[in-house]
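>>> Sequence isn't available, so here's the structure alone:
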């Protein structure tokens, strides 16, 4: 495949346009200092500069004026969005400035000069004082949005037999993963999504998983998406903090399901549909799984500030990756900007919830003992509480509670 075949349709917030040229600029922040009587300068590196895309864009055709107005509307929207670069990748950016040029001497075409500034993560989100309700609300909207998006993008109408078989194989792979997770994740008796899992009985789970591969189910995208979301939800979001931590690990693993394959140019139409269907299904599973992962994270016990930061970063990275994937063409069409907005709201709610809880937790530190002593003595010395002996033992994997080794860095919480 040549570089021309690897080009992808450019778009901003899902509105497509052509690109004559784009310039990408970046660099490093900092100063270079020079001193008297020294031949060598001293550079100071303060980190990467945000990157800037200068895009010479255009819309052309009999309906160029309608395409022009859609692009103007997208450029006027506040906040960040996804810019799909024709030369590869999708970027979270802000449309910092733009200029429109059109005239009678070149009818049927409008030229845009657009400046996109890279937008990073929100490092200081608002704290969540809702006890996790905002996380649940945002996660529920993400599940509903992912079902709707899949229903619009997945199709087996008028396709060759091999496309149907490919879809069945893909669903079968997902079913195997789901059964494996059911065996290791805690059982939650109550339904997770009201209406989707009402009347759920644990013994019915394998039968409902098998039903996914039915050709009549796969041929109805909305039915398939609803069943997939319900089954993932039925893995359970426990209220018990210990079980929630176990379920969290399972949903995080499932949020990495499959491989996204962009619908590349130069392929036969049926092959593009096959790849688009696969990408739509993978996106559905990942989005529903990460929605459940953040719900578990809001319920699981966080033992330290360090653990909270680790969970926060992992989920933020996962959501950022899924948001970036959302900007890639699926079935030849750019991602609906509304879906990106829902993903962003989930990330914001998660960051706020964990940030608020992390502020109440102690940080992990290390101690070295000059001589061996029992774990109970160390717990009393550190915390004034012998009841925290088990915490010292489990955090450091001590085989004998009577002997905390000397000379070795032991992990404990700050007082």
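Thanks, I have the structure now. Remember, predicted model here, so these are calculated numbers, not experimental data. Residues are numbered from 1 along each chain as shown.

>>> residues touching residue 210, list them.
By CB atoms under 8 Å, 6 or more residues apart in numbering, residue 210 lies in contact with residue 175. Placement of C-beta: from N, CA and C, glycine included.

>>> Would you quantify the distance from it to residue 245?
30 Å (CB to CB, to the nearest Å).

>>> Repeat that for residue 101.
Here the criterion is CB to CB. By it, residue 101 lies 57 Å from residue 245.

>>> Give me the more crowded residue out of those two.
Taking neighbours as other CB atoms under 10 Å, residue 101 and residue 245 compare with residue 245 leading, 20 against 11.

>>> isn't there a helix covering that one?
Yes: Residue 245: assigned to a helix according to DSSP: H, G, I helix; E, B strand; the rest coil.

>>> how about the nearest residue to it, chain neighbours excluded?
Of all residues not flanking residue 245 in the chain, residue 300 sits nearest, at 4.1 Å (CB to CB, 6 or more residues apart in numbering).

>>> Just list the residues touching that neighbour, thanks.
With contact set as CB under 8 Å, 6+ apart, residue 300 has these partners: 241-242, 244-245, 248, 311.

>>> pLDDT wise, what is it at?
In this model, residue 300 is scored at 90, pLDDT.

>>> Any regions of this structure where pLDDT drops low?
1, 120-132, 189-203, 260-267, 326-338, 415 (pLDDT under 70).

>>> ok, which stretches of it are helices?
For the chain, the helices defined by DSSP state H occupy 64-76, 133-153, 161-184, 205-211, 215-218, 221-234, 241-254, 269-297, 305-326, 337-358, 375-383, 389-396.

>>> which one of those helices is the most hemmed in?
Burial of the helices of the chain is given as mean neighbour count (mean count of other CB atoms under 10 Å); helix 269-297 ranks first at a mean of 24.

>>> got the angle for it vs helix 241-254?
Per axes from the mean of the first three to the mean of the last three CA atoms, to 10 degrees, the angle that helix 269-297 makes with helix 241-254 is 160 degrees.

>>> distance between helix 269-297 and the chain's centre?
Chain-centre distance of helix 269-297: 11 Å, with CA atoms, centre = their mean, to the nearest Å.

>>> got it, and stretch 104-123?
Per CA atoms, centre = their mean, the centroid offset for stretch 104-123 relative to its chain is 26 Å.

>>> Likewise for stretch 149-167?
Centre-to-centre, stretch 149-167 and its host chain are 25 Å apart (CA atoms, centre = their mean).

>>> Make residue 1 into 15 and carry on from there
Yes, from this point I'll number from 15; that puts the last item at stretch 163-181.

>>> Ends of that stretch, what's the gap?
The first residue of stretch 163-181 is 17 Å away from its last residue (CA to CA, to the nearest Å).

>>> Repeat that for stretch 119-128.
Across stretch 119-128, the terminal residues are separated by 22 Å (CA to CA).

>>> Outside of it itself, list whatever touches it.
In this structure, residues lying in contact with stretch 119-128 by CB under 8 Å, 6+ apart are 26, 31, 34, 67-76, 78-79, 81-82, 85, 89, 109, 111-116.

>>> per the record, what domains does the protein have?
As assigned by automatic domain parsing, the chain contains the domains 24-46+59-132, 147-372, 378-427.

>>> would you turn the ones you listed into JSON lines with distance to residue 18?
Below are the domains of the chain laid out as JSON lines (distance: least, CB to CB, whole Å):
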{"stretch": "domain 24-46+59-132", "distance to residue 18": "11"}
{"stretch": "domain 147-372", "distance to residue 18": "8"}
{"stretch": "domain 378-427", "distance to residue 18": "52"}
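
>>> tally of neighbours for the residue lying closest to residue 62 once chain neighbours are set aside?
Among residues not flanking residue 62 along the chain, residue 42 sits closest, at 6.1 Å (CB to CB, 6+ apart). By the criterion of other CB under 10 Å, residue 42 has 11 neighbours.

>>> any idea how far residue 63 is from residue 42?
According to CB to CB, residue 42 stands 6 Å off from residue 63.

>>> Pick out the residue nearest the middle of the protein.
Centroid-nearest residue in the chain: residue 333, 1.6 Å away (criterion: CA atoms, centre = their mean).

>>> follow-up on the earlier one: return the backbone torsion pair for the residue nearest to residue 259.
Dihedral angles of residue 314 (phi, psi; degrees, to the nearest 10) stand at phi -70, psi 150.

>>> Check the gap between it and residue 322 for me.
10 Å.

>>> ditto for residue 264
Going from residue 264 to residue 322 by CB to CB gives 20 Å.

>>> Next: residue 404.
According to CB to CB, residue 404 and residue 322 sit 21 Å apart.

>>> do the same with residue 296
Residue 296 is 29 Å from residue 322, where distance means CB to CB.

>>> Kindly report the same for residue 77.
Computed with CB to CB, the distance linking residue 77 and residue 322 is 51 Å.

>>> Over to residue 370?
For residue 370, the distance to residue 322 equals 10 Å [CB to CB].

>>> quick revisit: now flag whichever of the contacts of residue 314 is closest to residue 100.
residue 325 (36.4 Å; CB to CB).
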